[in-house]
Each structure stands twice: as structure tokens, then as C-alpha cells.
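Student: could you look at this predicted model? Sequence included:
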Amino acid sequence: MIAYTNEQAGDVFARETLLDRAFGPGRFRKSSEKIRSGRLPSEGLALVARDEDRLVGSVRLWEAAADRAPLLLLGPLAVDDACRGAGVGAGLMRLAIDRARSLGHGAVVLVGDEPYYRRFGFSTRGMDGLAMPGPFERDRFLGLELVPGALEGVSGVLRPTGRLASDELATVAA
């Protein structure tokens, strides 16, 4: 039985191991990493899937902006090989989108396979004026408006705006 929950501090090792297996060491060279590096995921938007006590899936959303428009960057989404095809990734995606919408976010963007993400409403529509900070494949740069019109007229290079990881360390130390 798969359970979807908020990521916990004790999930770090299992999450990183899952991401290493899913994406390999090259994951740190992706343009998306320029937005994630040194930042914390958006509050309430770091989610995991568990099969009993084993972490089998992970997704995180990150606060970013282009021009003055706030956006969320989704990724990475990863599922353990043993659970592929069982709907774990879809469950994480639906939860992430629903949670982002309920928290009042306007749009989510990602770099990924359009045939997979299309079923969740992602497309290249409204993405022409946006760019990632570094090389990226234009046809894989997808967006989803959670609020109608949230991507209208938005342009520029995505930049990180979320909480710095050092902010959390300072809070814990205080």
C-alpha cells in the first residue's frame, strides 16, 4: 500500500539514493539545478511516496520567478524501479499539483517528457518567452497554469526566489 506524505528530515539519505539511481551524477549539471542549488523546496511541496517504511518516490517544487512573475519549478520526480508503472509518479504529481493550487501558487513549470506530463495538463503553451538559466531543450520546457492566465505575457530567465538552505540551518541552530 503506497502512502503519500510530506518529506521528513530523515528522508534525505533515501531520497538522494533514489535520485542518484534515477538520474545519475549528471543530475547536478542540469539547468534546473541552478534554481534548486542552495535552496529549500517551497513550504509544503516536498513530497514522498512510501511502501510501508521504504521511500519509493519523491517530488519537490521550488520557488522561482521570471520577470516579476512568481512560478514553481517542479522536479525532480523520481520513482523506485520496483514501483514503475504502478502509478506512484502520477500519485505524486496529482498531490503536488493539488497542494500547489491550494497554497495559492499560480503556475508550475518543469523540464520533462511532454507525453508523460501532458496528462497532468502541462504543455508548451505560454512558455515561449521563458527560458532556463543554462542549456535546456525548448520542447521539454512545459508549464501548467494553476490560475488561468498566470503564464500570460511572462518572459525572462527563471531565477530562484525560495528560502535559502542556510536559513533553515540558522533557524535550527537558534
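Tutor: That came through fine. Residues are numbered from 1 along each chain as shown.

Student: could you check how far residue 69 is from residue 87?
Tutor: 32 Å (CB to CB, to the nearest Å). Where C-beta positions appear, they are placed from N, C-alpha and C, glycine not excepted.

Student: ok, these two, which is more surrounded?
Tutor: residue 69 (18 against 14; other CB atoms under 10 Å).

Student: shouldn't the more buried one be in contact with residue 150?
Tutor: Yes. The criterion here is CB atoms under 8 Å, and residue 69 meets it with residue 150 at 7.5 Å.

Student: show me the common contact partners of these two, please.
Tutor: 106, 107 (CB atoms under 8 Å, 6 or more residues apart in numbering).

Student: any idea how far the longest strand anywhere in the chain is from the chain center?
Tutor: When the chain is parsed with DSSP state E, its longest strand is strand 54-66. For strand 54-66, the gap between its own C-alpha mean and the chain's C-alpha mean amounts to 3 Å (CA atoms, centre = their mean, to the nearest Å).

Student: and the angle for the helix or strand following it with strand 54-66?
Tutor: Note on strand 54-66: by DSSP states H and E, the next helix or strand toward the C-terminus is strand 69-74. On the basis of axes from the mean of the first three to the mean of the last three CA atoms, to 10 degrees, strand 69-74 is oriented at 160 degrees to strand 54-66.

Student: now for the longest strand of the chain, which elements pack on it?
Tutor: For strand 54-66, the elements it packs on are helix 12-23, helix 31-36, strand 46-51, strand 69-74, strand 78-79, helix 88-102, strand 159-160, judged by 3 or more CB pairs under 8 Å, 6 or more residues apart in numbering; DSSP states H and E.

Student: in a markdown table, list these along with distance to residue 138.
Tutor: Shown next, in a markdown table, are the helices and strands packed on strand 54-66 (distance: least, CB to CB, whole Å):
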| stretch | distance to residue 138 |
| --- | --- |
| helix 12-23 | 21 |
| helix 31-36 | 12 |
| strand 46-51 | 28 |
| strand 69-74 | 16 |
| strand 78-79 | 23 |
| helix 88-102 | 22 |
| strand 159-160 | 18 |
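
Student: residue 6: which of those is closest?
Tutor: strand 46-51 (6.4 Å; CB to CB).

Student: and that closest one with helix 12-23, angle?
Tutor: Using the same axes, to 10 degrees: strand 46-51 against helix 12-23 is 90 degrees.

Student: please identify the pairing partners of strand 46-51 and their relative orientation?
Tutor: strand 2-6 (antiparallel), strand 54-66 (antiparallel) (DSSP bridges).
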